[in-house]
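S.K.: requesting a structural model of the entry that follows:
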Amino acid sequence: MNKLLKYGFYILFLTTLLPAQTNKPTLVVYAYDSFTASWGPAPKVKKAFEKVCGCNLEFVSTSSAIGALRKIQLEGANTKADILLGLDKSSANIAKKTGLFMQHHIDTSKLDLPISWNDKEFLPYDYGYFAFVYDSDKTKKVPNSFEELIAMPKDFKIIIQDPRSSTPGLGLMLWIKKIYEEKASEYWKKLSPYILTITKGWSEAYGLFLKGEADMVLSYTTSPAYHIIAENKTNYKTADFKEGHYGQIEVSAILKSSQHKKLAKEFLEFTISEAFANIIPTTNWSYPVMKTKNGLPKGFYSLHVPSKMLLIDDETIQKHRKEYLNEWLNSIKK
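M.R.: Below is the predicted model of the structure:
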């Protein structure tokens with residue numbers, strides 16, 4: 001009899017406890033693979049946000065942020081995504097045209113960015129500058145401009161990413177367009193022989209570079225900070241291009257179809273908090289959009305910081321994006 005009573009109380013306990021655990025709402029964030037990786041920001045962001053949200057935070061990984069957008073478009077009304085995270089300022093214009101995202105209504109007056117911010121749908125959470133990374137132990141002669149790059153010996157090779165599927169790839173295309181304007185096609189034709197391969201995303205490209213497949217890889221001015229802080233290596237550096245460096249501002253936005261809009265807004269507000277800003281430098285290896293009491297890790301202070309962030313305005317990108325892509329495709333054909 002006592003055993004039956006104990007069993008009954010045990011069942012009662014489970015039936016009252018389990019609903020309490022499962023009633024927590026789950027907020028789903030689609031993001032690119034290096035953000036969601038075990039070494040990326042996602043695990044720490046999940047832990048920090050779940051402490052204050054009374055929810056479960058779930059990250060869904062894709063090879064790139066543009067890939068995440070495509071996934072949402074394919075899923076349509078059946079998408080589980082509440083938030084898309086990881087597009088940059090340039091590719092956010094692609095997302096805006098879909099009409100899938102809502103205004104965030106968040107105060108951006110305290111953002112610490114190289115430019116002013118007034119986007120009503122997409123909220124920035126980190127930023128950086130595109131650059132070519134090289135290993136100074138292996139590469140002694142380094143190009144310090146786009147012109148010097150196409151004057152390198154023919155066996156000098158670089159790895160870049162596809163602008164159709166990768167934000168760094170899109171950034172390079174716009175970087176070259178910003179500098180060369182109507183002569184961008186001519187430059188791509190000259191650069192093409194130096195391109196070892198064009199990868200779908202950043203992770204694949206950087207992995208090939210670390211294996212010694214190429215002399216330089218398209219990445220960020222902050223990439224060496226990872227090697228300095230995490231590996232105690234100072235041989236990875238960035239080529240400082242005289243023309244300037246194109247900027248990347250990464251953003252997130254709430255889907256109109258989200259069933260957890262209030263919670264989604266809380267998450268976006270969290271991405272511009274000091275807690276989030278302290279996570280970003282040594283997980284996403286970028287600059288946070290908020291100043292913090294802790295400041296940046298020591299490894300960041302030895303990095304090259306471009307004096308100016310090169311950008312093409314949103315309206316121009318939106319108007320000419322297909323034209324730029326076709327120009328790029330036709331120019332790199334061998």
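
S.K.: nearest spatial neighbour of residue 89, skipping sequence neighbours?
M.R.: In space, and not counting its chain neighbours, residue 89 is closest to residue 249: 4.3 Å by C-beta to C-beta, 6 or more residues apart in numbering. The C-beta positions use only the backbone N, C-alpha and C, and glycine is treated the same way.

S.K.: assess the claim that that neighbour and residue 113 are in contact.
M.R.: Yes: contact criterion C-beta atoms under 8 Å: residue 249 and residue 113 qualify, at 6.8 Å.

S.K.: in contact with residue 190, which residues?
M.R.: Residue 190 makes contact with residue 150 under the criterion C-beta atoms under 8 Å, 6 or more residues apart in numbering.

S.K.: how far out from the middle of the chain is the host helix or strand of it?
M.R.: Secondary structure assignment for residue 190, by DSSP states H and E: helix 184-191. Its chain's C-alpha centre and that of helix 184-191 lie 26 Å apart, by C-alpha atoms, centre = their mean, to the nearest Å.

S.K.: tell me the helix or strand right after it.
M.R.: The first helix or strand that comes after helix 184-191 along the chain, using DSSP H and E, is strand 195-199.

S.K.: relative to that following strand, what are the paired strands and their orientations?
M.R.: Paired strands of strand 195-199, with direction, are strand 158-161 (parallel) (DSSP bridges).

S.K.: just to revisit the earlier point, part of a strand, is the residue nearest to residue 89?
M.R.: Yes: the assignment for residue 249 is a strand, going by DSSP: H, G, I helix; E, B strand; the rest coil.

S.K.: what sits against it?
M.R.: 88, 89, 113, 115, 124, 126, 127, 289.

S.K.: next: residue 293.
M.R.: If you count contacts by C-beta under 8 Å, 6+ apart, residue 293 has them with residue 274.

S.K.: kindly report the same for residue 146.
M.R.: Contacts of residue 146 by C-beta under 8 Å, 6+ apart are 176, 179, 180, 187, 191, 241, 243.

S.K.: likewise residue 46?
M.R.: 57, 59.

S.K.: backbone torsions only: list them for it.
M.R.: phi -60, psi -50 (degrees, to the nearest 10).

S.K.: how far does stretch 101-108 stretch from start to finish?
M.R.: End-to-end distance of stretch 101-108 (C-alpha to C-alpha, to the nearest Å): 18 Å.

S.K.: from the chain's centroid, how far away is that stretch?
M.R.: 19 Å.

S.K.: okay, buried residues for that stretch please.
M.R.: When burial is assessed from 16 or more other C-beta atoms under 10 Å, stretch 101-108 yields the following buried residues: 101, 102, 104, 108.

S.K.: picking up where we left off before, okay, the angle between the helix holding residue 190 and strand 195-199?
M.R.: Relative orientation of helix 184-191 versus strand 195-199 (axes from the mean of the first three to the mean of the last three C-alpha atoms, to 10 degrees): 120 degrees.

S.K.: what about the lengthiest strand in the chain, average pLDDT?
M.R.: Looking across the chain with DSSP state E, the single longest strand is strand 123-135. Averaging pLDDT along strand 123-135 yields 98.

S.K.: that one: how far from the chain's middle?
M.R.: Distance, centroid of strand 123-135 to centroid of chain: 9 Å (C-alpha atoms, centre = their mean).

S.K.: re the thing from before, okay, the contacts of residue 146 in TSV with distance to residue 272 next?
M.R.: Shown next, in TSV, are the contacts of residue 146 (distance: C-beta to C-beta, whole Å):
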residue	distance to residue 272
176	31
179	31
180	35
187	37
191	37
241	30
243	31
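
S.K.: show me which of those are buried.
M.R.: Using 16+ other C-beta under 10 Å as the burial test, the contacts of residue 146 include 176, 179, 187, 191, 241 as buried.

S.K.: of all the residues you listed, which comes closest to residue 134?
M.R.: For those, the closest approach to residue 134 (C-beta to C-beta) belongs to residue 241, at 12.4 Å.

S.K.: and that closest one, how far from residue 291?
M.R.: Distance of residue 241 to residue 291, given as C-beta to C-beta, to the nearest Å: 27 Å.

S.K.: A strand includes residue 57, no?
M.R.: Yes: the assignment for residue 57 (three-state DSSP) places it in a strand.

S.K.: so who does it touch?
M.R.: Per C-beta under 8 Å, 6+ apart, neighbours of residue 57: 26, 27, 29, 45, 46, 49, 50, 267.

S.K.: mind running it again at 10 Å?
M.R.: Contact partners of residue 57, counting by C-beta atoms under 10 Å, 6 or more residues apart in numbering, are 25-29, 42, 45-50, 82-83, 263, 267, 270.
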